[in-house]
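**Student:** predicted model and sequence follow; I will ask about them next.
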2 protein chains.
Amino acid sequence: MFLRVKASALDSSDGRVILHDADYRLLELSELERVLVEAPRPLLVTVNRTRGLISPGTVSMPPELIRRSGLQEGDQVELSISQPPESVRLIRRSMDGKALEAQEIRSIVADVMDGRLSKAEVSAWLTAVQINGLGTHEVQELAMAMMETGCSLSFQRHPVFDFHSVGGVPGNKVTPIVVSIVAAAGLMLPKTSSRAISSACGTADFVEVFCDVSLNGSRLKEISERVGGVFAWGGAMNITPVSGHFIDVQYPLGIDPRSMMMASIMSKKMAMGADRLVMDIPTGPRTKVRDQEEALTYARQFIDLGKLLGIEVECAITDGSQPVGYAIGPALEARECIQTLEMDARMYMVREKSCELAGMILEMGGIANGRQEAQRILDSGRALAKFREIVAAQGGRPDLCSEHIRLGRFRWEMTSPRSGYILDIHNKQLVAVARAAGAPKDKGGGILLHRKLSERVEKGEPLMEIHADNLGKLERAKEMVLRLQPMLVGGMVMAHARDIHMP
Amino acid sequence: MFLRVKASALDSSDGRVILHDADYRLLELSELERVLVEAPRPLLVTVNRTRGLISPGTVSMPPELIRRSGLQEGDQVELSISQPPESVRLIRRSMDGKALEAQEIRSIVADVMDGRLSKAEVSAWLTAVQINGLGTHEVQELAMAMMETGCSLSFQRHPVFDFHSVGGVPGNKVTPIVVSIVAAAGLMLPKTSSRAISSACGTADFVEVFCDVSLNGSRLKEISERVGGVFAWGGAMNITPVSGHFIDVQYPLGIDPRSMMMASIMSKKMAMGADRLVMDIPTGPRTKVRDQEEALTYARQFIDLGKLLGIEVECAITDGSQPVGYAIGPALEARECIQTLEMDARMYMVREKSCELAGMILEMGGIANGRQEAQRILDSGRALAKFREIVAAQGGRPDLCSEHIRLGRFRWEMTSPRSGYILDIHNKQLVAVARAAGAPKDKGGGILLHRKLSERVEKGEPLMEIHADNLGKLERAKEMVLRLQPMLVGGMVMAHARDIHMP
């Protein structure tokens, strides 16, 4: 059947096209079937039908789909009922726990990328991967296939260093500090970061408080090769765009299959041309990686995968039992990051973690005593100077200091209901409160902790303050924090023997 | 945010609502989030955005969603961003292989039924069920929860007999014959059947060639209690409507998780008020159930499940290695079904299967020597008389005979390329050819086999004929059958020893 292409007014429609009911019947289509649209790049789509939105003889398609298929509005295209793509059979193989060949992994990735698989089918595959896992060679192929869906960079300078955190711990603002130290030591670290998906603040979310993070590939290359580093938003560069399709399905399900996560990280590192990589694996009972054993499994797998993909990998298993530093949320994290570079004595934990990670990278670059060297670079002010150089290259103030950061207008202090020690901090609940306060969209939204694990607090002293750009959100966050009580205060003696009645 | 309800012109839109881009931004929504619509029956929906289709201040909803939520066009409703429903956490539990409690199974079913889970989330659960299976108690709860999503019947007459085939073998036209024999013996069998989803012809598809199958509950009850049986289409009665939501996801994936299939069948039997049930389990290398061992597992599980649900179950493991009888497709199967009742000697296999199944039911009803009794009822013409009585009650000709069935106008005969024996018949390929010829939508589309497994054929003799209502489809089916060669003809000696070269 030939129909005329019309652009749909729907911005997002899950890759569906719209047919008039009359054409739908002529085609003898059922809701469970797929339609092949003959185009310069053929499309396999599912169909909604309408009696009023368009007239018979037309097919309404989202503009993005028209562009992607190489069509123009007004073109005549042929539509026919189609078999499901071959990769549906491969998804069933993954369900059966059978390993897929290189070519099969590529065929799934291509079908996800080009919208030939529905979200329900992508979900089935991700669920199978979550339950059955993938073998190392499957992860390797997946990483390569994901990389090839987007752009790649190649640098004149080598080696290209990189680092990455698997995430799961709030307040992890070490990235600009690590990049600045490493670049100040003369190595090159072109770092791309993501925005928050389920967390309160990604690196890109707080870096854009003080400079531009949307660099295109050539600007990123130029700054990195000249200054030694960047802190850019990966999303601006069209690297591994297929990741977004997987995240669209994973996020509402609340899953992050390990194989998928590893492939996704490594695909991005390959696209960025990384030669040597340090992985930060935050570990703790309330984060993604629960204990040392699990962390070591991750570490081993990253190192093995790196070997297959030509990237030298070292891993740091870091403390994920509580937030890194005190601040959660864009403006607050930006300020704490700069305060650390300014050698503010209170920021010792952020400094410690940054210097450890930077030190590992320096040693991979042949610099002896990396940890001490990193500390020396930070203490001498050379890291701060390099940081300002990068910020300026990314369009920020060349004299940036922590006082320049504007925090949220509205604040509320939560005080301790009793005297005692901080016995537990619930990471996920803190994230939920920070998000209720507006983070990461509202730059001023977030939480500033006044105490960390094991510290002493007296009744009525502040435990944390909530910041917001908007009074309604402050109220929402306040209600939530009072309900959740994400910081547990108790005595060192948790129960008295006389309370225990022996039989 | 308050918006005015407007009916969408999209007939099917996957439970999504449409917001204007301006409202979408005001709500601070992201594509991955869900929206709660406050209504008499609150809705949890995902959102598409538009800049042109509707004006700001309105929310466009599919008419079915407006009805289901108890709203009216023009109502003001409040929309807010919502957490995912609790059942998303339960889906993750199923992924982890953990058993769900009764209440948890019910909560998933309710969320599927009410559209609070996206297709991607339903798919994740079905995939987890496919991989990890469900325990007997979970299947029991699932069956009960599915039943409660729709209507149930209760009869004055008891016991209510029922039977059901798990499917997978083409040409299985025994239902009206079994019902007629059982009803002629004085028992009551109010049989509902489905239409084809992936097969070439469901029972409802061929029965409606000669009478009405869309009976509502009261008409079905009246006919069953008066005449002793019906052959109705289950879809007309709103029993277990949630099944459709599961099928929408399973079908494109090509999966049919055993636990889900069992729960779905038993939920329908409960809704129909069945007391005693015979299950037909076709078994063969090219059908759903591959071998005796698997068939026995199914049988045991059906019997156990029946005990938990208060239905007495017996199972028949039947031959699924090739089509039942010679005909595939609505008109052809209708004719063969009636020919069997007319005691046409060629239909001995359909007669054999029908009498075996009917005999089991008679014995469950206390009639001794069920098999012989069933045969006697058929041979005496009492089954044919009862069949015509039921057909007349369902609005068909009271004098119906096989010559009344109008077959497809266009035919093509496929002849054997060589002399030999039928060594293999590929069920799925025959189904594909019959569907290409128009079945089940075109009543005349289908296949009439001239040979069955192990039978002798000479070169140039017909193997099968393809029927169609439409010349284009005949051509399509012809091309397909020539390409697939679904019937393998070979000699009894399959290889000569001299072809084998020993090292």
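**Tutor:** Ah, there it is. Numbering: from 1, shown residues only, chains lettered A, B, ... in the order given.
**Student:** who touches the residue nearest to the spatial centre of chain A in this structure?
**Tutor:** Residue closest to the average C-alpha location in chain A (CA atoms, centre = their mean): A:Ser194, at 4.6 Å. By CB atoms under 8 Å, 6 or more residues apart in numbering or on different chains, A:Ser194 lies in contact with A:Gly202, A:Thr203, A:Ala204, A:Trp233, A:Gly234, A:Gly235. C-beta coordinates here come from the backbone N, C-alpha and C atoms, glycine included.
**Student:** excluding chain neighbours, what is closest to the third one?
**Tutor:** The one in question is A:Ala204. Spatial nearest neighbour of A:Ala204, chain neighbours left out: A:Trp233 (3.8 Å); criterion: CB to CB, 6 or more residues apart in numbering or on different chains.
**Student:** how far away is that neighbour from chain B?
**Tutor:** Using CB to the nearest CB, to the nearest Å, A:Trp233 is found at 16 Å from chain B.
**Student:** okay, now that residue: neighbour count?
**Tutor:** Neighbour count of A:Trp233, defined by other CB atoms under 10 Å in any protein chain shown: 20.
**Student:** that one bridge partners, please.
**Tutor:** As for beta bridges, A:Trp233 partners with A:Ser193 under DSSP bridges.
**Student:** that one against A:Lys191, yeah?
**Tutor:** No - applying CB atoms under 8 Å, one finds A:Trp233 not in contact with A:Lys191, separated by 10.5 Å.
**Student:** still on that earlier bit, wait, which of the contacts of A:Ser194 is closest to A:Ser165?
**Tutor:** A:Thr203 (8.7 Å; CB to CB).
**Student:** leaving out sequence neighbours, find the closest residue to the closest one.
**Tutor:** Leaving aside its sequence neighbours, A:Thr203 sits nearest to A:Ser193 (CB to CB, 6+ apart; 3.4 Å).
**Student:** what's around the one you found, how many residues?
**Tutor:** 22.
**Student:** what does the strand or helix carrying A:Val112 rub up against?
**Tutor:** Using DSSP states H and E, A:Val112 sits in helix A:102-113. With contact meaning CB under 8 Å, 6+ apart, helix A:102-113 is reached by A:85-87, A:90-91, A:93, A:100, A:116-117, A:122, A:125, A:137-138, A:141-142, A:145-146, A:149, A:241-242, A:245-246.
**Student:** what do you get if the cut-off is 7 Å, keeping everything else the same?
**Tutor:** Contact partners of helix A:102-113, identified using CB atoms under 7 Å, 6 or more residues apart in numbering or on different chains, comprise A:85-87, A:90, A:117, A:122, A:125, A:138, A:141-142, A:145-146, A:149, A:242, A:245.
**Student:** filter those down to the buried ones.
**Tutor:** A:85, A:87, A:90, A:117, A:122, A:125, A:138, A:141-142, A:145-146, A:149, A:242, A:245 (16 or more other CB atoms under 10 Å in any protein chain shown).
**Student:** ok, A:Ala383 touching A:Arg376?
**Tutor:** No - look at A:Ala383 against A:Arg376 with CB atoms under 7 Å: they stay out of range, at 9.7 Å.
**Student:** who has more neighbours, those two?
**Tutor:** The residue with more neighbours, out of A:Ala383 and A:Arg376, is A:Ala383; 30 against 15, by other CB under 10 Å.
**Student:** what sits against A:Cys201?
**Tutor:** Contact analysis of A:Cys201 by CB under 7 Å, 6+ apart lists A:Ile328, A:Gly329, A:Pro330, A:Glu333, A:Ala439, A:Pro440.
**Student:** distance of it relative to chain B?
**Tutor:** 15 Å.
**Student:** for that residue, which non-adjacent residue is closest in space?
**Tutor:** Per CB to CB, 6+ apart, closest to A:Cys201 is A:Pro440, 4.7 Å.
**Student:** next: A:Val174.
**Tutor:** Sequence neighbours aside, A:Ser354 is the residue nearest to A:Val174 in space, at 4.5 Å (criterion: CB to CB, 6+ apart).
**Student:** check which helix or strand covers the one you found.
**Tutor:** helix A:348-364.
**Student:** which strands and helices lie in contact with that helix?
**Tutor:** Contact analysis of helix A:348-364 by 3 or more CB pairs under 7 Å, 6 or more residues apart in numbering or on different chains; DSSP states H and E lists strand A:161-165, helix A:175-184, strand A:276-283, strand A:312-319, helix A:330-341, helix A:370-379 as its packing neighbours.
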